[in-house]
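Asker: return atomic coordinates for the entry below.
(2 chains)
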Protein chains: 2
Amino acid sequence: MARRGSRREKQERSAGLAQMPFRPLKNPYSPIEILSQDQVEAIHHASLRILKEIGMRVTDPDSRRRLKAIGCDVVESTEMVKFDPDLVIELIKDLPSEYTALARNRDKNMTVGGNNIIFSTVVGPSFVSDLDKGRRPGTYDELCDFIKVAHGLNIIHQDGGGGFEPMDLPPETRHMDMMYAQITLTDKGWQPCWLNSRSRAEDVIEMTCIALGISREELSNTPTIAACVNTNSPLLLDSDLAEGLVVMAEAGQPVDITPFTMAGAMSPVPLAGTLAQQNAEVLAGFTLVQAVRRGCPCVYGHFATNVDMKTGSPAFGTPEYTKTTLASAQMARFYGVPFRSSNTTASAVADAQSAYESEMSIWGTVMGHTNLVLHAAGWLEGGLTASFEKLILDAEMLQLIASVLEPIEVNESTLAFEAVKEVGPGGHFFGAADTLERYETAFYAPLVSDWRNFETWEEDGSKTATERANGIWKQLLADYEKPPIDQAIEEELQAYMAKRKEDISGA
Amino acid sequence: MARRGSRREKQERSAGLAQMPFRPLKNPYSPIEILSQDQVEAIHHASLRILKEIGMRVTDPDSRRRLKAIGCDVVESTEMVKFDPDLVIELIKDLPSEYTALARNRDKNMTVGGNNIIFSTVVGPSFVSDLDKGRRPGTYDELCDFIKVAHGLNIIHQDGGGGFEPMDLPPETRHMDMMYAQITLTDKGWQPCWLNSRSRAEDVIEMTCIALGISREELSNTPTIAACVNTNSPLLLDSDLAEGLVVMAEAGQPVDITPFTMAGAMSPVPLAGTLAQQNAEVLAGFTLVQAVRRGCPCVYGHFATNVDMKTGSPAFGTPEYTKTTLASAQMARFYGVPFRSSNTTASAVADAQSAYESEMSIWGTVMGHTNLVLHAAGWLEGGLTASFEKLILDAEMLQLIASVLEPIEVNESTLAFEAVKEVGPGGHFFGAADTLERYETAFYAPLVSDWRNFETWEEDGSKTATERANGIWKQLLADYEKPPIDQAIEEELQAYMAKRKEDISGA
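Answerer: Alright, predicted model coming up:
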């Protein structure tokens, strides 16, 4: 029976590769909760105490001005801002619980919030790697390849920011090239890669309007692009990121506040303390967003992990990471806002460690009801490297968990009494009428996993999963077809970039 | 700061290897449930209908006689037994919800049931593998090495049956050599490897009594050894295994009934039908156990997965496997009996596939509240191979999930307000008083994972996790120390085996 060939009903072929179809994903089960309601409230109150008694340092004068205007206690000489708990609670009490992230192809719009889950590709690494050429600084051509491969993987809902930094392009203008690649090479939605200055964030807004074919006014009533803003933990909001936050909030775009809390280095060793500090920074960010534009959607971001106390190296995909994911998701639900987390590993290569650390992340993030899973595919080495093979292995792991989220159907037909009766004791179901009727759409079909017997596997070259993944991304790249795009949009984007690059080089 | 060296308080050193201490494990969180209560009951009723209208074929005349004696409808010519639903419900309604599995070292006794989790090593493979010598038929010496390595891994609670078959020993008497190795090389508890005939099961009972230093009468009031009995799905109980079941139940030992249901081959394609058939076979087994000895503990066993419809190969660590684990655990809770499942993968080698398929199994089994996780460490290739490297990788994965099960402490001290205040905005926690006080026992310390930076990892040989695992099992083997055992027990076991081998060769 031809399993792969026959799964068309349930699985789309992407140029020969059997995979699950592109579709929204929901977690229909109850989330794993590891904090009691009392513990959630204790963390909430501890974070309000931090904001009231210690406060945040906000280096951007414009942001301090806005916070002062809504009633925060600002000391200009130290750049410190203290927050009145009642004010914070008042400002965040009615934040939107969900919004729709628009994609260039409107069939690929995604709801963010509730029990919806979005898988987004890795963003940020300086290095790229594959089995052929090893780890090296990434280039723009390679970034385009990475976006193309991710475009071909249906389980990936959106492009996270190009995958890695194109180190062959000038840093002042590279953000536009990255965004141009995202917009033109895939028709899925995207997260912008860089927002760390007013002008970069303005470019993101302008290029988004061109790409989606909407005016700035329309955009401002259409929350669509979640802007990830990291606080510089502990308790510091840098000017560059504050500028990006302000621009995005002015434009009515959802802001994802993600503290960079590594227990033992940027936050306390006990996870409760790390969660309290993370929560304080998130609430401070939310408050600033609301100071800019009341009602603007906010996303609760999680990145809490720990450092190795021996070396100072960050650890990822650890039990601490899994537990803070589950706990932070509870905090986000407490505030009624969407939640963002990631798929992480510290492994240097796409080996067994990278798989089990990613699974620790994925299970925590999916079973905790994360809405936006950034870095869901392709991340290696604590986020320093984007790997083509890991992109494929992650896609398999994401498909596996997505399939777990399809509930078991229990009814007269699926209970299959007649099939059991027909086959009888000691019989075989291969030939049963019920089997023949169902086998074409039955069971998960893997991307990478090899289930053949040892001898067949050995004759075929004794390839590891990582070696097979190497063949798969090359196949996806060879089979890539650029999704249709209005030529006028491409030209407008090019014209915008040309002008901006001229302005920047002339500046 | 010396992380590894400083974890003595929380982690025992096993001859230089930092690891978690040997300790009972509980899942304090609510289980993931994927069936509604109505669905659980629908599967229950469907299984009773199978038992009433189709029945089981039971080839052992003694078992048929016992079932007839309690009121089952038996047709001798076809060896078919039909079960009255009321009778089944009556017999299983008050089964013990937990029991204590005794170990030779009573400090390593384990409670089976409730939210307790026991990790047991792989049993059954014909092949053994490691990176040095590849995959080959296993020998007795290698089996002893496997038990020694597993003895050194604290996260492993019991020996599952030696790891693999010693193919250099005669099959008629090999079960005694395997058990001798289990009893003498580790002081943890064990599961017997073979129960597939009356005489083998009798040997297990006799050797258990000698090992634990108790009489047969004492043993019969001390449920301790869970005997795994597979039904030959669909709906067939073979004589060999029925004999083993009867001997164990006569001896008052818990019987774990595990149907061998591979959807599409040995059970219906729809998972609901597979669960109904599995449940019918489990209840038939429980009924036979109760017919032998009313009140004898029963364990609900799960092994449901699916075959690849293209090749007929069994698939493991799939979404179907995870979902039937979670659903079967709900069935076991419905009947109030302990639950048994496994850590499985179809991968031919200890690569990324083996890691993510094992993680799919481990998360399902631990978050579903499995009590006995057989094959928890060392299994490869659908159970055909026991791997030394996989044993180590699995130990890491089991430690990771065990650490997730330690709840986050939330109190005044762990919320660490003073530490946040001391460090202040933009500061660093490395030198904070709170950090210095806590770092020695903070955070998970890995067995295998390498968190060092890329350059250091590369200078150290660019080893994958599997290659590092190779070094770790060799270290554990080199550091192995035989746990103390009363010489009289060893001699009595040797004398028993010598006599039995003489009887068998003379027979």
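Asker: make it CA atoms for all contacts and neighbour counts henceforth
Answerer: Will do.
Asker: any idea how far the spatially most central residue of chain A lies from chain B?
Answerer: Centroid check for chain A by CA atoms, centre = their mean gives A:Leu374 as the closest residue, at 1.4 Å. Distance, A:Leu374 to chain B, using CA to the nearest CA, to the nearest Å: 20 Å.
Asker: ok but that residue is inside a helix, no?
Answerer: No. Counting by DSSP: H, G, I helix; E, B strand; the rest coil, A:Leu374 falls outside a helix, being strand.
Asker: so what's it up against?
Answerer: Neighbour list for A:Leu374: A:Phe119, A:Ser120, A:Thr121, A:Val122, A:Val123, A:Gly160, A:Arg340, A:Ser341, A:Ser342, A:Asn343 [criterion: CA atoms under 8 Å, 6 or more residues apart in numbering or on different chains].
Asker: now do A:Gly162
Answerer: Neighbours of A:Gly162 in contact, by CA under 8 Å, 6+ apart: A:Thr121, A:Val122, A:Val123, A:Leu143, A:Cys144, A:Phe146, A:Ile147, A:Met178, A:Met179, A:Ala181, A:Gln182, A:Cys193.
Asker: again with A:Ile362
Answerer: A:Ser342, A:Asn343, A:Leu398, A:Ile401.
Asker: quick one, what contacts A:Leu271?
Answerer: By CA under 8 Å, 6+ apart, the neighbours of A:Leu271 are A:Ala263, A:Glu320, A:Thr324, B:Ile408, B:Glu409, B:Thr414, B:Leu415.
Asker: tell me the helix or strand right after the lengthiest helix in chain A.
Answerer: In chain A, ranked by residue count with DSSP state H as the criterion, the top helix is helix A:271-292. Next helix or strand after helix A:271-292 toward the C-terminus (DSSP states H and E): strand A:298-301.
Asker: so what strands line up beside that following strand?
Answerer: If you go by DSSP bridges, strand A:298-301 pairs up with strand A:255-259 (parallel), strand A:339-342 (parallel).
Asker: wait, A:Lys421 sits on B:Ile54?
Answerer: Yes. Using CA atoms under 8 Å, A:Lys421 is in contact with B:Ile54, at 6.4 Å.
Asker: neighbour count: those two, which is higher?
Answerer: Set A:Lys421 next to B:Ile54 and count neighbours by other CA atoms under 10 Å in any protein chain shown: B:Ile54 wins out with 20 against 14.
Asker: quick one: low-confidence ranges for chain A?
Answerer: A:1-16, A:507 (pLDDT under 70).
Asker: ok so, going back, give the bridge partners for the residue nearest to the centre of chain A, please.
Answerer: Bridge pairing for A:Leu374 - DSSP bridges - gives A:Ser342.
Asker: ok, now how distant is it from A:Cys228?
Answerer: From A:Leu374 across to A:Cys228, the span is 10 Å (CA to CA, to the nearest Å).
Asker: before we move on, the earlier item: in ChimeraX, how would I select just the buried ones from the contacts of A:Leu374?
Answerer: Buried residues within the contacts of A:Leu374, by 16 or more other CA atoms under 10 Å in any protein chain shown, are selected in ChimeraX with:
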select /A:119,120,121,122,123,160,340,341,342,343
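Asker: and which of the contacts of A:Leu374 is nearest chain B?
Answerer: Taking CA to the nearest CA as the measure, A:Asn343 is the one of those closest to chain B, at 13.5 Å.
Asker: for the closest one, give me its contacts.
Answerer: Counting by CA under 8 Å, 6+ apart, A:Asn343 has contacts A:Gly317, A:Ser358, A:Glu359, A:Ser361, A:Ile362, A:Thr365, A:Val373, A:Leu374, A:His375, A:Ala376, A:Ala377, A:Trp379.
Asker: what helix or strand does the fifth one sit in?
Answerer: Translated: A:Ile362. With DSSP H and E as criterion, A:Ile362 is part of helix A:352-367.
Asker: check which residues of that helix are buried.
Answerer: Applying a neighbour-count criterion of 16+ other CA under 10 Å, one finds A:352-367 buried in helix A:352-367.
Asker: measure how that helix sits relative to helix B:352-367, angle-wise.
Answerer: 40 degrees (axes from the mean of the first three to the mean of the last three CA atoms, to 10 degrees).
Asker: in CSV: the contacts of A:Leu374, plus distance to A:Leu87.
Answerer: Compiled in CSV, the contacts of A:Leu374 are given as follows (distance: CA to CA, whole Å):
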residue, distance to A:Leu87
A:Phe119, 34
A:Ser120, 34
A:Thr121, 36
A:Val122, 36
A:Val123, 34
A:Gly160, 34
A:Arg340, 24
A:Ser341, 27
A:Ser342, 30
A:Asn343, 34
